[in-house]
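Asks: sequence and predicted model, in that order:
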Amino acid sequence: MTRAFTIKKPNIHYAWLILIACCALQAGSQGTIFDTLGVFNSPVCNDLGFEFGSFAFAQTFSAVAMMVTQPFSTYLYHRFGIKRVLLVSGCIYYTAYFSLSMASQLWHWYLLLSIEGIMGGFFYRTSYTILLCRWFASKTALALGIATAVGSIMGMIMNPVATMVIAHFGWRSCYQLLASLGALITIPLISLIVRASPAEMDLAPYHEGCDTTDTIHFPAKHHGKKAIGICILFILSSVFSYLCGGYYSHLPNYSISIGMGAIAGSLMTSFELGGTMIMKFLVGPISDRIGLMKTETLIMILSLIGYFCYFFLTGNILFFTTALCGIYCATNMVLMPLLAREELGEDRFQTVLPWITTAGAAASSISNTIYGFIFDIFGNYDLMFILCMIGIIASYLILIIIKRLGKQK
């Protein structure tokens, strides 16, 4: 007598485990490393006698290195496998950051941050977006929002922690702590969980209400020269959007400049990341209900109100102003990729995404340097807030142009 066995389908789609790995990737890189860059500006410059603008310019080297190498990230993912690329680039990334604890000359930051930029382009700038867009055919906005929100939560936690570590143990020990913590969070989960695509496990992408064997395809709306033009417009929109990216690393020094102190500055950064976190959690449900562009409009209006308030408000209310400004990061990290996939289709989107994020990262780091020199020249950050508002408006207008072109036949 023989028994017939049936294999039950898992109740939880593997896509949600991929989301956990992407959350760890964002927490250990964006939250632990990138979001805490600003806390080192004043301590390092005061200790070693660097000019503030010159030290901030080192981050531009990181962006340039990333800009050169990141467009090749998708090729390396296909050629060697995304897990292998993430593990190798991640180890080098954290080693370079750890080595900053031994730096003493300005060119050391230029060199090590350049290495970090090269590896960061392969490690975390686009990998989580590509993975989640491969694994989620629906609920993509929710997945991207959760992953990036976890990074923001980590940034909120680590900014005051890093400030206290610097105050008690010095900035060199803080570099070592952050690099070690980031590696511990990311490398094990990447090794255990990450798979390049659902096909590798004989699955289809997660789609609510569909069988796991169903296939979902996102067709391209544009072809030929028009598609190339749309790609260029997305890259240009990303450049203007990321003018805000360089602002929040100056919040600690901004707080010191208006007499609120370094601890208040790190709390401002945490509130900014808190606003980012909240909107990243909400952007999925909101966009599902009212659409991507209406969600973008809402975010733009709230962010402009926040930046405008810097010119009139003082004291503790500035914490809430920074939170309001922080919600705009949901555009860069969640809405922009989804709008691009919607307009360009799945295949072209994965090719263009590294260029979009690279252009944005370059704009963020260049603006970071510009804002440093603005403070050196004028002694305040008023012009920085104005440039951020200009960037938000310009990016939004370009997205409107893209959507109108999409309606034309």
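Replies: Here it is on my side, so go on. What you see is a predicted model; the values in this text were computed from it and never measured.

Asks: hang on, Phe50 in a helix?
Replies: No - using DSSP: H, G, I helix; E, B strand; the rest coil, the secondary structure at Phe50 is coil, not a helix.

Asks: next up, the contacts around it.
Replies: By CB atoms under 8 Å, 6 or more residues apart in numbering, the contact list for Phe50 reads 44, 106. All C-beta atoms are positioned from the backbone trio N, CA, C, and that covers glycine.

Asks: and the gap between it and His108?
Replies: Here the criterion is CB to CB, to the nearest Å. By it, Phe50 lies 11 Å from His108.

Asks: got it, and Leu387?
Replies: Per CB to CB, Leu387 is found 29 Å from His108.

Asks: next: Leu397.
Replies: From Leu397 to His108 the distance is 41 Å (CB to CB).

Asks: do Met156 as well
Replies: Distance from Met156 to His108, by CB to CB: 29 Å.

Asks: okay, now Arg404: neighbour count?
Replies: 9 (other CB atoms under 10 Å).

Asks: same question for Ile392.
Replies: 23.

Asks: would you confirm that it contacts Ile301?
Replies: No - the criterion here is CB atoms under 8 Å, and Ile392 misses it with Ile301 at 9.6 Å.

Asks: tell me which stretches of the stretch 201-350 of the chain form helices.
Replies: For the stretch 201-350 of the chain, the helices defined by DSSP state H, counting those that start in this stretch cover 224-241, 251-257, 262-290, 292-309, 318-326, 329-330, 336-344, 346-378.

Asks: and the longest one with helix 224-241, angle?
Replies: Helix 346-378 runs at 30 degrees relative to helix 224-241, counting by axes from the mean of the first three to the mean of the last three CA atoms, to 10 degrees.

Asks: ok, the spatially most central residue of the chain - contacts?
Replies: The residue lying closest to the centre of the chain (CA atoms, centre = their mean) is Met333, at 5.4 Å. By CB under 8 Å, 6+ apart, the contact set of Met333 is 144, 148, 280.

Asks: which of those residues lies closest to Ala65?
Replies: Distance to Ala65 across these (CB to CB) is lowest for Thr148, with 22.7 Å.

Asks: which residues does the residue nearest to Thr321 when sequence neighbours are not counted contact?
Replies: Of all residues not flanking Thr321 in the chain, Cys309 sits nearest, at 4.5 Å (CB to CB, 6 or more residues apart in numbering). Listed by CB under 8 Å, 6+ apart, the contact set of Cys309 reads 317, 321, 324.

Asks: now do the first one against Gly259, distance only.
Replies: Going from Ile317 to Gly259 by CB to CB gives 15 Å.

Asks: can you check the second one too?
Replies: The gap separating Thr321 from Gly259 is 16 Å, by CB to CB.

Asks: okay, the two: which has more neighbours?
Replies: Shown here are Thr321 and Gly259; by other CB under 10 Å, Thr321 has more neighbours (21 against 8).

Asks: quick check, that one in contact with Phe308.
Replies: No - at 9.1 Å, Thr321 does not count as touching Phe308 under the criterion of CB under 8 Å.
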